[in-house]
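J.: pasting the sequence and the predicted coordinates here, then a few questions.
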Amino acid sequence: MNVFYAWCPENGEDFDDGHEIEADSPDEAAEIWAELDEEYKIISGSWSPELCVAEQDGTIHHFKIYGSMMPSYYIHEIQNEEAQAQ
């Protein structure tokens with residue numbers, strides 16, 4: 001696990017405002033940031049922010065983050081006595 005710093009210039013943030021995120025890679029750090037900080041706005045499609053992610057050596061990665069709501073269905077077979085008659 002590595003420590004990255006993530007900030008969103010569109011929110012008026014710079015490196016000093018960065019959130020410390022533990023992740024295996026810069027893109028995983030970006031995904032964690034999106035889930036923790038701005039998930040609803042991103043998955044609703046109302047915002048696709050640019051995120052900066054810095055490694056500890058100072059290398060900065062830039063990501064454009066997109067998301068979508070994905071429907072989930074849970075299926076459970078009911079027994080004959082539970083089923084409504086047709």
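T.: Structure's in. What do you need? Numbers count the residues shown, from 1 in each chain.

J.: use CA for all of it now, contacts and neighbours both
T.: Noted.

J.: show me what counts as buried in the longest helix seen in the chain.
T.: Looking across the chain with DSSP state H, the single longest helix is helix 26-37. For helix 26-37, the neighbour count (16 or more other C-alpha atoms under 10 Å) marks 26, 29, 30, 31, 32, 33, 34 as buried.

J.: show me what contacts residue 50?
T.: 8, 9, 10, 62, 63, 64, 65 (C-alpha atoms under 8 Å, 6 or more residues apart in numbering).

J.: who wins on neighbours among those?
T.: In terms of neighbours by other C-alpha atoms under 10 Å, the contacts of residue 50 top out with residue 8 at 20 neighbours.

J.: what does the model give that one for pLDDT?
T.: pLDDT recorded at residue 8 is 94.

J.: separation between residue 38 and residue 76?
T.: Going from residue 38 to residue 76 by C-alpha to C-alpha, to the nearest Å gives 33 Å.

J.: what about those two, which has more around it?
T.: Taking other C-alpha under 10 Å, residue 38 and residue 76 do not tie; residue 38 has more neighbours (14 against 6).

J.: pLDDT weak spots in the chain?
T.: 81-86 (pLDDT under 70).

J.: follow-up on the earlier one: now render the contacts of residue 50 as a markdown table, adding distance to residue 55 and secondary structure.
T.: Output for the contacts of residue 50, formatted as a markdown table (distance: C-alpha to C-alpha, whole Å; DSSP: H, G, I helix; E, B strand; the rest coil):
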| residue | distance to residue 55 | secondary structure |
| --- | --- | --- |
| 8 | 15 | coil |
| 9 | 17 | helix |
| 10 | 20 | helix |
| 62 | 11 | strand |
| 63 | 14 | strand |
| 64 | 17 | strand |
| 65 | 18 | coil |
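
J.: reformat those as TSV; add distance to residue 21.
T.: Formatted as TSV, the contacts of residue 50 follow (distance: C-alpha to C-alpha, whole Å):
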residue	distance to residue 21
8	14
9	17
10	19
62	15
63	15
64	18
65	16
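
J.: got a list of what the spatially closest residue to residue 27 that is not a sequence neighbour touches?
T.: For residue 27, ignoring the flanking residues on the chain, the nearest one in space by C-alpha to C-alpha, 6 or more residues apart in numbering is residue 63 at 7.7 Å. Residue 63 is in contact with 27, 30, 50, 51, 52, 53, counting by C-alpha under 8 Å, 6+ apart.
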